[in-house]
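> Predicted coordinates and the sequence they were generated for:
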Amino acid sequence: MRVAVIGTGYVGLVVGAGLSDSGNDVTCVDIDEAKIDRLRRGEIPIYEPGLEPLVKRNIEDGRLRFGTDVAAAVRDAEVIFIAVGTPPGEDGSADLKHVLAVAATIGRSMNGEKVVITKSTVPVGTATLVRSEIEKHTTHRVHMCSNPEFLKEGAAVDDFMRPDRVVVGVDSEHARKTVERLYGPFVRTGNPVIFMDIASAEITKYAANAMLATRISFMNMIANLCERVGADVALVRKGVGTDERIGPAFLFAGCGYGGSCFPKDVKALIRTLAEHGVDAGILEAVEAVNDRQKHVLVERAQARFGQDLTGRRFAVWGLSFKPETDDLREAASLVVIDGLLDAGAAVTVHDPVAMGAARTMLGQRVAYAPHNYDALEGADALIIVTEWGQYRTPDFDRMKSLMKEPVILDGRNLFEPEHMSGMGFEYHGMGRRSARPPHLT
Ligand SMILES: NC(=O)c1ccc[n+]([C@@H]2O[C@H](COP(=O)([O-])OP(=O)(O)OC[C@H]3O[C@@H](n4cnc5c(N)ncnc54)[C@H](O)[C@@H]3O)[C@@H](O)[C@H]2O)c1
């Protein structure tokens with residue numbers, strides 16, 4: 001099939017590359033010329049495991065190309081994916097200006113019947129708005145389809161190539177058949193393509209993200225209680241997660257969720273609920289708990305070292321909002337670093353892949369360590385914000401020899417408190433009993 005993907009960010013690039021890999025003829029377009037230039041040279045603008053070989057292979061085989069001419073891509077395509085960003089507007093609702101700008105361009109470029117698929121996360125009712133915008137400019141038939149994307153950054157290629165399920169809202173048999181053909185190669189083992197009406201598909205994406213965010217905030221609330229009463233959230237998680245009605249995923253306590261999706265999607269759903277007169281209390285609480293949780297590590301540092309952190313140096317391990325991505329959008333690390341700097345501390349950071357993005361955002365406000373151990377030199381404490389694999393089994397003796405004080409504030413519960421105290425560390429996890437080396441207790 002001839003496919004155009006409009007918007008070549010995390011989602012558009014993975015979708016375009018994935019669809020070309022199953023034999024479709026795909027053009028990915030974006031208004032960001034610099035990004036398209038890099039892609040044409042075979043450079044991948046984001047860190048996403050497995051993406052580079054996928055893109056290169058399909059460029060070389062002539063099935064995947066990149067451009068900035070959205071109108072031309074629309075004219076050539078039978079199927080058009082809209083994958084542009086939907087950032088939060090000032091009131092928290094999803095800002096649809098990019099989506100509707102693309103819809104207008106599609107309308108002006110229609111030269112026949114086409115299927116238009118909204119891949120961006122958009123509030124219920126958006127497909128109707130997109131259709132009206134397109135139909136202002138054309139009399140050609142447009143088949144609308146809502147196909148929310150559930151890929152996870154860091155595992156995006158795998159998620160797209162082997163989805164748990166594909167959710168598709170359609171309003172015509174033609175759209176249904178087209179999407180069935182497109183996704184057939186990706187669900188050969190029987191994972192479902194779930195067809196539904198468009199409004200239900202639009203809501204499904206927000207409901208899924210809001211549910212996951214709710215589990216995280218819920219467990220962070222429980223973690224805070226565990227700390228107050230000397231219980232251990234790791235044990236509570238096991239006890240709760242083995243209930244098969246609940247299941248074990250997304251029950252880890254930590255220093256708050258971030259990223260390009262959960263924060264903005266929770267906000268946008270709160271707005272949608274309010275617009276339709278539905279009480280959003282659950283999600284308001286989810287958001288409030290998360291906003292607070294991002295401050296816990298700095299509060300803990302201040303409880304340990306004093307409100308004024310002038311003269312103190314902290315090492316921060318992990319900047320991206322989660323492992324295996326260089327995405328810093330809404331990352332907890334940014335709140336932690338701001339808090340430490342505001343309290344007068346000096347900060348040295350390390351991240352396996354997000355240092356470039358961090359330099360752009362943080363500039364000279366922090367020092368950058370080329371290796372995670374380098375960040376520890378002379379540090380009063382280590383603060384762990386992102387659970388990168390390489391931080392999980394470090395050389396503890398080397399760490400101790402570099403640090404001024406062997407104190408770890410762990411925002412992701414990478415280690416066992418007793419083990420850490422046995423290794424000579426003072427260790428504070430999230431929702432766990434703090435542990436000190438025997439000679440200090
Ligand atoms: N990132 C994720 O993990 C993820 C997962 C599922 C769904 N989503 C949703 O997918 C959408 C895209 O997310 P993303 O993370 O890929 O965003 P992104 O910011 O990485 O990419 C969006 C791209 O769209 C381009 N763009 C904006 N206006 C354009 C226009 N008029 N014409 C052509 N290109 C235009 C931008 O230049 C940018 O390259 C959002 O709605 C997001 O909520 C994201």
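Received, thanks.
> show me what contacts D279?
Contacts for D279 (Cβ atoms under 8 Å, 6 or more residues apart in numbering) come out as L273. C-beta here means a position set from N, CA and C on the backbone, and glycine is covered the same way.
> which non-adjacent residue is nearest the closest residue to the ligand within the chain?
Nearest to the ligand, among the residues of the chain, is G9, at 1.8 Å (Cβ to the nearest ligand atom). Distance criterion Cβ to Cβ, 6 or more residues apart in numbering; nearest residue to G9, sequence neighbours excluded, is G85 at 6.3 Å.
> List the residues that contact that neighbour.
Contacts of G85 by Cβ under 8 Å, 6+ apart are 7, 9, 98, 120.
> The same query, at a cut-off of 10 Å, please.
By Cβ atoms under 10 Å, 6 or more residues apart in numbering, G85 lies in contact with 7, 9-12, 94-95, 97-99, 120-121, 260, 264.
> again, but for A175
79, 115-117, 142-147, 168-169, 195, 198.
> Those residues: which ones sit near the ligand?
Residues of the contacts of A175 in contact with the ligand (Cβ under 6 Å from any ligand atom): none.
> Farthest-apart pair in these, please.
V142 and F195 (18.5 Å; Cβ to Cβ).
> a strand runs through the residue nearest to G9, doesn't it?
No - secondary structure of G85 (DSSP: H, G, I helix; E, B strand; the rest coil): coil, not part of a strand.
> Tell me the pLDDT of it.
Looking at G85, its pLDDT is 96.
> Confirm R432 sits in a helix?
No - if the criterion is three-state DSSP, then R432 is coil and not within a helix.
> quick one on the thing from earlier: might one say that the residue of the chain closest to the ligand is in contact with I31?
No - using Cβ atoms under 10 Å, G9 is not in contact with I31, being 11.3 Å away.
> and for the two, which residues touch both?
Common neighbours of G9 and I31 (Cβ under 10 Å, 6+ apart) are V84.
> how about the strands of the stretch 301-441 of the chain, start to end?
313-317, 346-350, 367-368, 381-384, 407-410, 426-428 (DSSP state E, counting those that start in this stretch).
> Same list (these) but as CSV, adding mean neighbour count.
Converted to CSV, the strands of the stretch 301-441 of the chain look like this (neighbours: other Cβ atoms under 10 Å):
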stretch, mean neighbour count
strand 313-317, 27
strand 346-350, 23
strand 367-368, 16
strand 381-384, 26
strand 407-410, 24
strand 426-428, 23
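> before we move on, which element is S200 in?
helix 198-229 (DSSP states H and E).
> how about that helix: buried residues?
Using 16 or more other Cβ atoms under 10 Å as the test for burial, helix 198-229 gives 198, 201-206, 208-210, 212-224, 226-227.
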